[in-house]
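1. coordinates only, no sequence provided:
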């Protein structure tokens, strides 16, 4: 039972590190929830993951990138993963306006996912829904004016 306590503590600390806490704005702790930008609050978002594999699935692409970088380093040397990371960073900087949906095809090409058909290609990724917000407010938020 000592091992299960240590494992449960390790898992709990891992879960706490991966869950974001509510933001405290510059206006202070007593500012109301911004419904226009953040939407309705949900208790589900504040709870621990419902399944042990949920965190693994959320971090799948990050873990796969780390594995690919390690393999690339072992095969070609340190320059190959560094070059690829610089290309990833350059591709991430080029984006559409925040209120327009972007497929980010350049990132898919770098990762080799451009020829793969996945769940998000057929049923769309719910996190990238096509709900368009108010363009002026979203640009002001991105530029830090709000």
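-> Here it is on my side, so go on. Model, not experiment: these values are computed from the prediction.

2. in the protein, which helix or strand is least confident?
-> Lowest on mean pLDDT, DSSP states H and E among the helices and strands of the chain sits helix 2-18, with a mean of 44.

3. next SSE after it?
-> Using DSSP states H and E, the helix or strand that follows helix 2-18 towards the C-terminus is helix 35-38.

4. packing partners of that following helix?
-> On a contact count with 3 or more C-beta pairs under 8 Å, 6 or more residues apart in numbering; DSSP states H and E, helix 35-38 meets helix 135-142. From N, CA and C alone the C-beta is placed, and that goes for glycine too.

5. other residues contacting the helix it packs on?
-> Applying C-beta atoms under 8 Å, 6 or more residues apart in numbering, the external contacts of helix 135-142 come out as 36, 37, 97, 98, 99, 146.

6. same check on stretch 95-114?
-> By C-beta under 8 Å, 6+ apart, stretch 95-114 touches 61, 65, 84, 87-88, 91-92, 94, 128, 130, 132-135, 138-139, 141-142.

7. now do it, average pLDDT.
-> When pLDDT is averaged over stretch 95-114, the result is 83.

8. just stretch 64-74 next, same as before
-> Averaging pLDDT along stretch 64-74 gives 94.

9. rewinding a little: which two in the contacts of helix 135-142 are spaced the farthest apart?
-> The distance between the two most remote of the contacts of helix 135-142 (C-beta to C-beta) is 17.2 Å, for 36 and 97.

10. that older thread, would you convert the contacts of helix 135-142 into a markdown table that also reports distance to residue 78?
-> Shown next, in a markdown table, are those (distance: C-beta to C-beta, whole Å):
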| residue | distance to residue 78 |
| --- | --- |
| 36 | 46 |
| 37 | 41 |
| 97 | 37 |
| 98 | 35 |
| 99 | 40 |
| 146 | 42 |
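
11. endpoint to endpoint, stretch 50-60 covers what distance?
-> Terminal residues of stretch 50-60 lie 17 Å apart, using C-alpha to C-alpha, to the nearest Å.

12. meant to ask about stretch 122-140
-> Stretch 122-140 has an end-to-end distance of 33 Å (C-alpha to C-alpha).

13. what's in contact with the strand or helix carrying residue 67?
-> Taking DSSP H and E as the definition, one finds residue 67 inside helix 60-76. For helix 60-76, the external contacting residues (C-beta under 8 Å, 6+ apart) are 56, 80, 81, 84, 85, 111.
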